[in-house]
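Asks: What follows is a predicted structure for the sequence shown.
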Amino acid sequence: MVDLLGRHIYSSPQVFLRELLQNGRDAIRARHDLDPSAPAGTLDIVPAGPGEFRFRDDGVGLTAEEAAELLSTVGRSSKRDDILGERREGYLGQFGIGLLSCFMVSDRIHVTSRSAKGAPAIEWVGDASGEFRIRELSDEDTRALPIGTEIVLSPRPDDAAMLAREQVTKLAEHFGRYLPVAVRVQEEGGSWRRVSREPEFLAEDREQLLAFGEQVLGARPLDAIRLNIEGTQTRGVAYVLPYAPPPGARQANTVYLGRMLVSEHVDDLLPEWAFFVRAVLDTTGLAPTASRESFVDSPALEHTREQIGAAVRAWILEQARAKPWVFQRFLGVHHLALKAMTLGDDEFARTVLPWLPVETSAGDMTIGELAERYGGARYTESVDEFRQIAAVARDGHPVVNGGYVHQAAIMRRLPEVLGIPVTRASVNEILDDLAPVPLDDRVLAVELEARATTALSDVGCAVTTRQFAPEELPALVVVDPEVQRRIDREQAKGDIGGGLWGGIVGSVGDLIDKRRATDPEAAQAAQLCLNWRSPLVKRLARLGDELVLSRTVRLLYVQALLASQRPLQANDRRILTQALGDMVSLSAGFTDHEGGTL
Ligand SMILES: Nc1ncnc2c1ncn2[C@@H]1O[C@H](COP(=O)(O)OP(=O)(O)OP(=O)(O)O)[C@@H](O)[C@H]1O
């Protein structure tokens, strides 16, 4: 029996105290059902020390007949509706096995009980081998006993610590601190220490509620959302975490059943997306499993989960509408969760999206501000594209960086959800977007393009000239995303060498080459665009010295690569070093071809 309980039903012998607390609390409840004027109810625990462990309640007690039926038969319970087989409302027990958990810490269970129904008191003794005996006490002995039940356990030497004061006090607090009856543990000198109290997580006072949240989370919560799900009589609070939980961390919600602790790690009571809150709840309408450490998956549980989700969602909407400062703090910590929520929920998206900040080429702003100021938006699919485009995007048409997690998907939803027109900005369009060189300068510019393209012939980069702001930016490198991918693949091919991967990567590259042969525009995809507004570029166009022009163009190319925040490849670094060396030699008037790099 002990083995069965310990290994298959209960996770730890500690639960014996939970089962005793629960039986005591149910007995008090049953006495009140019989007699509403009965005392409020007390559970007294005398830890084992010099004497034995005693647990006393002033509940309904047991008659000889009840004890024989209920205590001596596994699975018999007075708290179950025998016709429906369901737990009776207001009671915690239902399975008829709880008392047996005491065999995990003691070989013998000794029960003395006097029933509120007026029968003679009884003594019931059961031992772990399955033997039990029961006897009725004399009238005199019955009169000497208070109404209620006392359970005495004699610890096995191995389990002595489990029944001693320190551990018993800890367990009584752990499981029973919020029971709606007085739970007391006897101190060394004989006085009583009360461990039960009103649940802080149901406190009316907000400050008290937040102070308790701080104890639960180890840091002050961003806010406390009160929960009250009437359908399953579930009440409590959801604390908004002030930090982002580690990815993949399981939810850890604390749940009480009829104010008795079920678990501090319930992970299926909240919707999955609500990982940024931690709930502390009391329920009476959900059914526990036999181990009493989680809840049975049922429509009631599903309903509760949905209702909690709705409350958390309503809280977010309320902050977005009425408390922008709280919403900003929330966003700072949980923006990923929030973005994910807007993808699947239109109504939520409609309210929250205007408040969501985005990075644009005209600075950070919210989607609402973007729509108000510019009437619409352009966005990129990647951070890389954004960097290239942002450098030259005109003020009237800012571009949103869609490269962050969920951002591009959110941008695509704006027309449908908020009616804001949105277009995808692509690198290919940038050059078309830029102003052409003035007519008077065209000839000079075309000449410069040809000379500069020759200077960069080894890197395969065509050069164009356009006008754009700011004039301090002399050049831009514009790389078609497909070309960028190809460059990366070539790089990978070089790194990997032959072998299987080299072969696969190589054949993908070949496919692209074939496409390019039939698509002349694609071949032009990587370009260096010189800024005709830059005084440096204009001077360069009038420069007669081909060598200085070539080295300057190569330096501008590397500088433009750096400006687009792309890491330099080995070849780019070689160009930089060589061009710098050459420039130093040239400015020193050094023209000897033998020793230098010229
Ligand atoms: N302290 C007590 N006072 C009065 N009756 C009790 C007491 N403890 C147990 N009983 C009776 O014995 C029955 C069996 O108790 P047990 O703890 O084995 O199961 P349970 O409380 O009914 O259900 P569960 O296994 O879910 O705890 C109870 O239904 C109750 O009627």
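Replies: In hand now; what should we look at?

Asks: residues in contact with the longest helix seen in the chain?
Replies: Criterion DSSP state H: the longest helix present in the chain is helix 299-322. Here helix 299-322 makes contact (C-beta atoms under 8 Å, 6 or more residues apart in numbering) with 223, 225, 227, 229, 231-232, 234, 238, 240, 268-271, 273-274, 277, 279, 283, 285-287, 295, 326-327, 330, 338, 341, 345, 348, 351-352, 355. C-betas here are computed from N, CA, C, even on glycine.

Asks: In helices only, show me the residues you listed.
Replies: Going by DSSP H, the helices hold 326-327, 330, 338, 341, 348, 351-352 from the contacts of helix 299-322.

Asks: For the stretch 1-150 of the chain, give me the ranges with low pLDDT.
Replies: Residue ranges of the stretch 1-150 of the chain with pLDDT under 70: 1-8, 82-85.

Asks: So which residues of it form helices?
Replies: Assigned helices in the stretch 1-150 of the chain, in chain order: 2-4, 15-34, 64-66, 139-144 (criterion: DSSP state H, counting those that start in this stretch).

Asks: among the ones you listed, which is nearest residue 432?
Replies: Closest approach to residue 432 among the helices of the stretch 1-150 of the chain is made by helix 15-34 (72.8 Å; C-beta to C-beta).

Asks: need the residues of this protein near the ligand, please.
Replies: 19, 22-24, 27, 57, 59-62, 70-71, 77-79, 93-99, 149 (C-beta under 6 Å from any ligand atom).

Asks: so what does the helix or strand hosting residue 170 touch, helix or strand wise?
Replies: For residue 170, the host element (DSSP states H and E) is helix 165-176. Here helix 165-176 is seen to pack against helix 15-34, strand 42-46, strand 182-186, strand 260-266 when contacts are counted using 3 or more C-beta pairs under 8 Å, 6 or more residues apart in numbering; DSSP states H and E.

Asks: can you tell me the residue of the stretch 351-500 of the chain closest to the ligand?
Replies: Going by C-beta to the nearest ligand atom, the ligand is nearest to residue 352 of the stretch 351-500 of the chain, at 44.1 Å.

Asks: That residue contacts residue 339, doesn't it?
Replies: No. Using C-beta atoms under 8 Å, residue 352 makes no contact with residue 339, being 9.2 Å away.

Asks: More neighbours: which of those two?
Replies: It is residue 352, of residue 352 and residue 339, that has more neighbours when counted by other C-beta atoms under 10 Å, with 23 against 20.

Asks: How about that one, nearest residue that isn't a chain neighbour?
Replies: Nearest residue to residue 352 in three dimensions, chain neighbours excluded: residue 320, at 5.2 Å (C-beta to C-beta, 6 or more residues apart in numbering).

Asks: Then residue 558?
Replies: Leaving aside its sequence neighbours, residue 558 sits nearest to residue 576 (C-beta to C-beta, 6+ apart; 4.5 Å).

Asks: Looks to me like residue 153 is in a strand.
Replies: Yes. Membership of residue 153 in a strand is supported by DSSP: H, G, I helix; E, B strand; the rest coil.

Asks: Please name the residues that touch it.
Replies: 16, 48, 52-53, 55, 102, 105-106, 108-110, 163.

Asks: any chance you could map the strands in the stretch 351-500 of the chain?
Replies: Using DSSP state E, counting those that start in this stretch, the strands of the stretch 351-500 of the chain run over 357-360, 363-366, 377-379, 399-400, 422-424, 462-466, 475-478.

Asks: ok, residues contacting the longest one?
Replies: By that I understand strand 462-466. With C-beta under 8 Å, 6+ apart, strand 462-466 has contacts from 431, 434-437, 445-446, 448-449, 452-453, 456, 524, 526-532, 537, 553.
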